[in-house]
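S.K.: quick one: sequence plus predicted model below, questions after.
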Amino acid sequence: MSEVATVRRRAPAATSNAGQRRRWRTAALSAAVALLATACASDAPLDTLEPKGSAARTIQDLVAPVFAVAGVVFVLVMGAIVLLVIRFRAGRSDDPDELPPQTHGHLGVEIAWTVVPAALLAAIGLATIVTIFDLAAEPADALQVTVTGQQWWWSYEYDIDGDGEVDFITANEMVIPADTEVVLAIESRDVIHSFWIPPLNGKRDAVPGRSASLVMQADEPGTYRGQCTEFCGLSHGFMRMRVQALTQDDFDEWADGQQQDSVEATTDEQIAGRELFTQLCATCHLIGGVNNDTYDGADQVSGTAPNLTHLMSRTTFAGSTLDLYLDVDDRSYEEIIADGVVNRAELEAWIRDPSALKPMAPDPSRGNEFGRGMPDLGLTEDQIDDLVAYLMVLE
Ligand code: CUA
């Protein structure tokens, strides 16, 4: 009687063990699939593995073979481990104390596993050094752009004629001619930032007091997105940038336009908006032909806020996080600038309460001499309407 009871009790225990193992296996498999799935994205503008320019391709040409070799090594080593674990696991032999054949002191094997990894690492090291020199080579007579990181946006100073003088300054969106190498000088006005347009090149830190160069080239006209990749304070994640690559003709036209003074205000509303700008915004922002002679050198360096002379020639604002036009992500730069519909609601919302759309610290009371970011100016709805009417003139 007791025998039978024992057997009956054991049977369900065995089933539940198998069930538990199955559950563990399912959980482990799901975790592995979930991990693998995180690598999938159909629309990934910051993808580092799809080079769209010469520098990014040079990097890819190093990464791909190194990754392939690392993959083969991984498979061989893990395969060998799994094979050995199965082949020599305890209980395979009648004698539990029996050892497999020992290879200690096997000269051939020891030379092989010393020489092969050393040769692999030497080859990778050599290829890396060649790539570093390739990336550092600067073309002569290239277009020069000084890229300056600041909390939390980027400014671009262009020296179009190559005479060492800044010809104009813009913000957040860097416009370059396609299929042409441009030399960037990367600097910072406050803390360390990092300039990174993954489809076009690797990262380069923007360090205060230093200038680091980076060569950028885009094969085709198009929009290439980037992100500051060095933690730089509250709105680090909202410090984005775009590169707009244009055909040489479109670029020349754009560069000519950037060197003109701003478009005049004509309607009463626009004139009222320009008045508000000179009273409230002009201490930080500059508009060519309006306040560029207010203080020394002001027509060259914006100081603390983006130069707005040709604001509407950009597709985004506020550190390239907000869209200045509707459907920015579905259209080309040329289409948007030619007949885009201004995203007036967002522009108004930004002026109404900037900190609601992007975390900032505009109040200098916390020990900073200057605040960080755009302050809330407490404007009335009529004032916001006037100001936006004027900003929309600034093509
Ligand atoms: Cu600038 Cu992070």
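M.R.: Now that the structure is in, tell me what you want to look at.
S.K.: for whatever residue of the stretch 51-200 of the chain ends up closest to the ligand, phi and psi?
M.R.: For the stretch 51-200 of the chain, the nearest residue to the ligand under the criterion CB to the nearest ligand atom is His193, separated by 3.4 Å. For glycine as for every other residue, the C-beta is placed from the backbone atoms N, C-alpha and C. For His193, the backbone dihedrals (degrees, to the nearest 10) come out as phi -120, psi -180.
S.K.: how about Asp61?
M.R.: According to degrees, to the nearest 10, Asp61 has phi -70, psi -20.
S.K.: relative to Gly149, how far out is the residue of the stretch 51-200 of the chain closest to the ligand?
M.R.: 3 Å (CB to CB, to the nearest Å).
S.K.: what is in contact with the two at once?
M.R.: Counting by CB atoms under 8 Å, 6 or more residues apart in numbering, the contacts common to His193 and Gly149 are Ala206, Cys228, Cys232, Met239.
S.K.: okay, who's weakest in the residues you listed by pLDDT?
M.R.: Minimum pLDDT for those is recorded at Cys232 (92).
S.K.: for that one, give me its contacts.
M.R.: Contacts of Cys232 (CB under 8 Å, 6+ apart): Gly149, Gln151, Trp152, Asp190, Val191, Ile192, His193, Met239.
S.K.: which one (most neighbours) among those residues?
M.R.: His193 (31 neighbours; other CB atoms under 10 Å).
S.K.: what segments of the stretch 1-150 of the chain are helices?
M.R.: For the stretch 1-150 of the chain, applying DSSP state H, counting those that start in this stretch gives helices covering 2-37, 54-87, 107-136.
S.K.: among the ones you listed, which is nearest Val341?
M.R.: Closest approach to Val341 among the helices of the stretch 1-150 of the chain is made by helix 54-87 (32.9 Å; CB to CB).
S.K.: in the closest one, what counts as buried?
M.R.: Under the neighbour-count criterion of 16 or more other CB atoms under 10 Å, helix 54-87 has Ser54, Ala55, Ala56, Thr58, Ile59, Leu62 buried.
S.K.: can you check what angle separates that helix from helix 107-136?
M.R.: 160 degrees (axes from the mean of the first three to the mean of the last three CA atoms, to 10 degrees).
S.K.: what sits closest to the closest residue to the ligand within the stretch 251-395 of the chain if chain neighbours are left out?
M.R.: Of all residues in the stretch 251-395 of the chain, Gly319 sits closest to the ligand, at 8.7 Å by CB to the nearest ligand atom. Counting by CB to CB, 6 or more residues apart in numbering, Trp153 is the residue found nearest to Gly319 once chain neighbours are left out, at 4.4 Å.
S.K.: how about Phe168?
M.R.: Phe168's closest residue in space is Gln258 (CB to CB, 6+ apart), at 4.3 Å.
S.K.: in the protein, where is pLDDT below threshold?
M.R.: 1-16, 92, 293-303, 363-371 (pLDDT under 70).
S.K.: if we can go back for a sec, doesn't Arg204 make contact with the residue of the stretch 51-200 of the chain closest to the ligand?
M.R.: No: at 9.8 Å, His193 does not count as touching Arg204 under the criterion of CB atoms under 8 Å.
S.K.: picking up where we left off before, name whatever forms a beta bridge with the residue of the stretch 51-200 of the chain closest to the ligand.
M.R.: Ala206 (DSSP bridges).
S.K.: Provide a list of residues in contact with it.
M.R.: Counting by CB under 8 Å, 6+ apart, His193 has contacts Gly149, Gln150, Trp154, Asp205, Ala206, Cys228, Glu230, Cys232, Met239.
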